[in-house]
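**Student:** Fold the following.
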Amino acid sequence: MYGYNRKTYKDTGYYLQELFGLPKESFYPEDPPIPSEIANDDEGTIISLDVPGVKKEDITIDLSDNKINVTSTRANVTRYWKRDLTDSADQDKVMAHLENGVLEVTIPRKEKKISKTIKIT
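**Tutor:** Model (predicted):
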């Protein structure tokens, strides 16, 4: 009966947001991230993000400083997903595909550098 009630907290937040004209983030920093699954193999990483009802125009994927940031917006609710990338991730070849409410981001690994010994003549 007593205690924290997220629905009441959110309702109050909406009221205060409208009253003071403040951005949504000032009241809801704990909005849950986009649900995801991550699969790794020798060729790279495949990230599957659940974004039901979100159009591809309402999704942004940013890559910078070995980080990936995905933002989706639906019905004035913005959700985020962020991760660090390994140095082996080939950021120039990242691909994304949206189908049936699942965003699939493929991050291939960089080709392995071949090491060899040079004989001096």
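**Student:** in this protein, which spans are strands?
**Tutor:** 36-41, 44-50, 59-64, 67-74, 77-84, 95-99, 102-108 (DSSP state E).
**Student:** The third one vs strand 95-99, what angle?
**Tutor:** The directions of strand 59-64 and strand 95-99 differ by 160 degrees, with axes from the mean of the first three to the mean of the last three CA atoms, to 10 degrees as the criterion.
**Student:** With residue 107 as the reference, measure out to residue 61.
**Tutor:** Using CB to CB, to the nearest Å, residue 61 is found at 11 Å from residue 107. Where C-beta positions appear, they are placed from N, C-alpha and C, glycine not excepted.
**Student:** among the strands of the chain, which is nearest residue 120?
**Tutor:** Counting by CB to CB, residue 120 lies closest to strand 102-108 out of the strands of the chain; the figure is 35.9 Å.
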